[in-house]
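Peer 1: sequence and predicted structure, then a few things I'm wondering about:
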Amino acid sequence: MAGLIKREDIDEVRQRTDIKEVVDGYVTLKGAGLGSFKGLCPFHDERSPSFTVRPQVGRYHCFGCGEDGDAISFVQKMDHSSFHEAVEKLAARIGYELRYEDGGTGPNREEVGKRQRLLDAHKIADEYFRAQLLTPGAAEGRNFLDGRGFDRAAAEHFGVGYAPQGWDSLLKHLRGRGFTDAELKLTGMFSEGNRGIYDRFRGRLIWPIRDIAGDTIGFGARKLYEDDQGPKYLNTPETTLYKKSQVLYGIDIAKRNIAKDRQLVVVEGYTDVMACHLAGVTTAVATCGTAFGTEHIKIARRLLSDDGSGGEVIFTFDGDAAGQKAALRAFEEDQRFVAQTYVAVEPTGADPCDLRQLKGDAAVRDLIGTRRPLFEFAIRASLRRHNLDTVEGRVAALKEAAPVVAQIRDSAIRPAYTRELAGWLGMPIEEVSRYVGAAAKRAAAGGTGSPTSASGTEHASPGGPPPAGAGSVQQSEAAAPQAAGPVFQRPDPRDPVAGMERQALEVVLQEPGVLGGGAWERFEVSYFATPAYAAVHTAIRAAGLAHAADPVAWVENIRQEVPEPLRPLVSELAVTPLPASTPEAMQRYCRDILARLFELQITRIKADKMGQLQRLDAVAFPADFQRLNRELMELEMQRRALRSDN
């Protein structure tokens, strides 16, 4: 069982990781001054780049939406992983072996190596299948795609490929890339017979199934030829990489929009996912040969930040009996969500792929737009099983539908559906309310009033697990609840004094080397008039110069010293591009800014002493009068020296 990662190892991973290389995997960055890079923010839609990365200090900050952090938090947010998982991923990236507290262990190195070999084999197979789709032998596969409205660009976007007809095409390819048969047996891409292993997928259209991080972990294959005796769809069997109950096809390309739009659309097939995305429903995913279950819900909750603040899960099902059964099965899992669950059923039985072909992209969007609450669908489905033209049928329907209404979490909506049910049944509202209330009491007592209440399902609540990216879940980075602290107003950018203080803090955070030669002592005693900047100044003094030689550790220590609300401000100051294009120009700029700060301090002190001098009776206190004049002269000499140095 994994233990907590040692704090010093977390710091080491943070310092050794090149944040630009990490961000480059998700965002196109361009230079924005010496040591700074900019790109379009991955956390919100924008036309002009405001997402800034400063590798020297190991941090990013978006000046548009305010998102900020280091390489660890970036991986957490982009991959929707825990703090623990993000640190382990980055450690593996740089080849750093983590240590764990309390005798705990991390991933077994041998197992990690085996897993990586499996991932490498899948990556190569993925590339091979995609290349094969362009060959003459794949004409039938291309015809299949064309017939369903998918052009070459769509196939490339979703990574669709083709498995050649033959028994060992992929086998030979992977053997040629250095994989042993023992390794290939573990991939699920091969079957085994009396003469050894052979290709599992032959003469089929191939869809790569990827995990949330974008790694290919399995494949789905569609039959193309009449003489193929296998099933219409053939998936990778369960392997150490591929667990169908934990996989959602399309999650890698949909995750960003799911998190942004707080919406997850669940469809039934690979082509349905393609059709939805191409039609503009970019939050669509599909299960892989299994019902939408508990493990899928965990993925959904992490992406939706399913914490009581909104979000919706929409299931699309065929209008036939099987589709209705699947919808009701999904309803049984509804109580695991805080997000509202809906169902979108096409009356004619057309799936999103068929609907797009027949009626175009707008019809797919309309299908999702006309979704109905899943509990309404479940209530109406229960009523359809009874003859509502008879008293006995209506009573039986009430007994079946009342527990469904009782499950509705929203206390404001439940009475409304109680009234709706009374209207659908043509029964007095008081009688229906009694049945619903009784069902709710049975459910609360663990009785049979609710199909899911007694089954041990985890009921989500606003106080439930935090969303991914909110900090460490199983790790010491998790912050304990804090008492309300001071409230800091954002400094006015038009205030020249605040502007001067901000520039000085930007220089000190990004180029702490300029604090040598007595500058640190001057900076320590400097006065900052702006409350937020004064708090950052205090934090810098508290952090000291011990870690100033390591900019990543320097900024992180200062972030830990400021009040929680000001941590984003520290990140912002640490990544703001400084106006210099060469190292020499950077040094001149930094010295000039600090000189202006120190001159401002001298001016303040001089003004204070001039006030004292004017209030002093020179005849009564001649010694004090001479001392103040001497101090004023020394301050003026310091001011002139600062100017001459710059």
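Peer 2: Noted; the coordinates are in hand.

Peer 1: what about stretch 187-199, how long is it end to end?
Peer 2: The straight-line separation of the ends of stretch 187-199 (C-alpha to C-alpha, to the nearest Å) is 11 Å.

Peer 1: mind listing residues that contact it?
Peer 2: Identification of contacts with stretch 187-199 by C-beta atoms under 8 Å, 6 or more residues apart in numbering yields 118, 121-122, 125, 163, 166-171, 181, 184-185, 200-201, 218-219, 236-239, 241-242. In short, each C-beta sits where N, CA and C put it, glycine included.

Peer 1: buried among these? Make that a ChimeraX selection.
Peer 2: In ChimeraX, a selection of the buried entries from these looks like this (16 or more other C-beta atoms under 10 Å):
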select :118,121,122,125,163,169,170,171,184,200,201,218,219,236,239,241,242
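
Peer 1: filter the contacts of stretch 187-199 down to the ones in strands?
Peer 2: Among those, the residues falling in strands (DSSP state E) are 163, 218-219.

Peer 1: now Pro583: how far from Thr576?
Peer 2: 18 Å (C-beta to C-beta, to the nearest Å).

Peer 1: of the two, who's got more company?
Peer 2: Set side by side, Pro583 and Thr576 show more neighbours around Thr576, with 20 against 10, by other C-beta atoms under 10 Å.

Peer 1: look up the closest residue to that one, ignoring the ones flanking it.
Peer 2: Glu506 (5.2 Å; C-beta to C-beta, 6 or more residues apart in numbering).

Peer 1: C-terminal to the host helix or strand of that neighbour, what's the next element?
Peer 2: Here Glu506 sits within helix 496-510, counting by DSSP states H and E. Downstream of helix 496-510, the first helix or strand assigned by DSSP H and E is helix 519-524.

Peer 1: same for the helix or strand following that following helix, what does it pack against?
Peer 2: Counting by DSSP H and E, the next helix or strand C-terminal to helix 519-524 is helix 531-543. The contact analysis (3 or more C-beta pairs under 8 Å, 6 or more residues apart in numbering; DSSP states H and E) places helix 531-543 against helix 496-510, helix 551-561, helix 567-575.

Peer 1: now the angle from helix 531-543 to helix 551-561?
Peer 2: Counting by axes from the mean of the first three to the mean of the last three C-alpha atoms, to 10 degrees, helix 531-543 lies at 120 degrees to helix 551-561.

Peer 1: what residues of helix 531-543 count as buried?
Peer 2: Neighbour count says helix 531-543 has 532-533, 535-537, 539-541, 543 buried, by 16+ other C-beta under 10 Å.

Peer 1: CSV please, covering those residues and showing distance to Lys298 and pLDDT.
Peer 2: Formatted as CSV, the buried residues of helix 531-543 follow (distance: C-beta to C-beta, whole Å; pLDDT from 0 to 100):
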residue, distance to Lys298, pLDDT
Ala532, 39, 92
Tyr533, 43, 92
Ala535, 39, 92
Val536, 39, 93
His537, 44, 92
Ala539, 38, 92
Ile540, 41, 92
Arg541, 45, 89
Ala543, 39, 86
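
Peer 1: and the helix or strand harbouring His61, which strands flank it?
Peer 2: Per DSSP H and E: His61 is located in strand 59-62. Partners of strand 59-62 in the sheet, by DSSP bridges, are strand 51-54 (antiparallel), strand 68-70 (antiparallel).

Peer 1: count of neighbours near Gly230?
Peer 2: 13.

Peer 1: oh sorry, the question was meant for Pro551
Peer 2: So Pro551, with other C-beta under 10 Å, has 23 neighbours.

Peer 1: then Pro55?
Peer 2: With other C-beta under 10 Å as criterion, Pro55 counts 22.

Peer 1: tell me the contacts of it?
Peer 2: Contacts of Pro55 (C-beta under 8 Å, 6+ apart): 18-20, 35, 37.

Peer 1: hmm, which of these are the buried ones?
Peer 2: Using 16+ other C-beta under 10 Å, the buried ones in the contacts of Pro55 are 19-20, 35, 37.

Peer 1: thinking again about what came up before, show me the one of the strands paired with strand 59-62 that comes nearest Gly141.
Peer 2: strand 51-54 (39.1 Å; C-beta to C-beta).

Peer 1: what residue is smack in the middle of the chain?
Peer 2: Lys77 (3.3 Å; C-alpha atoms, centre = their mean).

Peer 1: ok and the strand or helix carrying that residue relative to helix 551-561, angle-wise?
Peer 2: Assigned by DSSP H and E, Lys77 belongs to helix 71-79. Angle of helix 71-79 versus helix 551-561, following the same axes, to 10 degrees, is 80 degrees.

Peer 1: from the contact counts, what lies against helix 71-79?
Peer 2: helix 7-16, helix 19-24, helix 83-94.

Peer 1: contact partners of that helix?
Peer 2: 10, 13-14, 17-19, 22-23, 26, 42-43, 58, 60, 67, 69, 81-83, 85-87, 89-90, 212-213, 468-469.
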